[in-house]
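Q: Below is the sequence, then the predicted model.
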Amino acid sequence: MSSDSGIRQIDELVNEFEVAMLITESLDGDLRGRPMAIAGHDKGSVLYFLTRADDEKMQEILARPSISVVMQKEGQYLSISGRARVETDLSLIDQHWSAAARLWFPDGKNDVEATLVIVEPTYAECWDRTGVRLLEFWWEAGKALLTGEKAADSTLSGHHKVKVS
């Protein structure tokens, strides 16, 4: 599969998710994951998360910008590795603002703590086990069980690995 078609498939799958686990490395070296509403995404699966500037994860991102984002629901799985950057541009915050964001920003989109975390992917991997792809998976799983051989994930049409940059 070409990188372009893989990126298109990753972009399409990102549309299926509203929340992701954003995983950062803490200042003491531990990995930390937290659920984050996806505020938006651009072509190439660039992800936007609205967060507070005073949140602990901001210090982690500034110190160690390599992050991971993981999404899962009903047979669809997506893992994105990349680099995070912090953005305080009010026009970008306005572009990615939603009514639900008021839960964390009672002063609205002009809240001084409103900040975007922008994740620029370097690698993505997805598994789509819905519809006919689920049947394909069960067929391959059944063959593996009957033959005693390892199931080959690479032969399934719903699994893709994409080096983004």
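A: Yes, it's here.
Q: Run through the bridge partners of C126.
A: L78, H160 (DSSP bridges).
Q: Report how many residues lie close to it.
A: 22 (other Cβ atoms under 10 Å). Glycine gets a C-beta too; all of them are placed from N, C-alpha and C.
Q: where do the strands sit along this structure?
A: Assigned by DSSP state E, the strands in the chain fall at 19-25, 31-37, 40-42, 46-52, 66-73, 76-87, 114-128, 159-163.
Q: quick one: contacts of the shortest one?
A: To tie it back to what came earlier, the one meant is strand 40-42. Contacts of strand 40-42 with the rest of the structure, by Cβ atoms under 8 Å, 6 or more residues apart in numbering, involve D11, V14, N15, L47, Y48, Q95, H96.
Q: Flag every buried residue along it.
A: For strand 40-42, a neighbour-count test (16 or more other Cβ atoms under 10 Å) marks G40, H41 as buried.
Q: ditto for stretch 46-55
A: V46, L47, Y48, F49, L50, T51.
Q: Next, format those residues as TSV and append distance to D30 and pLDDT.
A: Formatted as TSV, the buried residues of stretch 46-55 follow (distance: Cβ to Cβ, whole Å; pLDDT from 0 to 100):
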residue	distance to D30	pLDDT
V46	27	95
L47	22	97
Y48	25	97
F49	20	97
L50	24	96
T51	19	95
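Q: burial measure for S68, as a count.
A: 19.
Q: Can you name the residues bridging to the residue lying closest to it once chain neighbours are set aside?
A: The shortest distance from S68 to any non-neighbouring residue, by Cβ to Cβ, 6 or more residues apart in numbering, is to I23 (4.2 Å). Note on I23: beta-bridge partners G33, S68, judged by DSSP bridges.
Q: show me the contacts for I23.
A: Contacts of I23 (Cβ under 8 Å, 6+ apart): L31, R32, G33, I67, S68, V69, V70.
Q: what do you get if the cut-off is 10 Å, keeping everything else the same?
A: Going by Cβ atoms under 10 Å, 6 or more residues apart in numbering, I23 touches 31-34, 57, 60, 66-70, 79, 81.
Q: Distance check, the most centrally placed residue in the chain against E56.
A: Using Cα atoms, centre = their mean, the residue of the chain that lies closest to the mean C-alpha position is V69, 3.9 Å off. According to Cβ to Cβ, to the nearest Å, V69 and E56 sit 18 Å apart.
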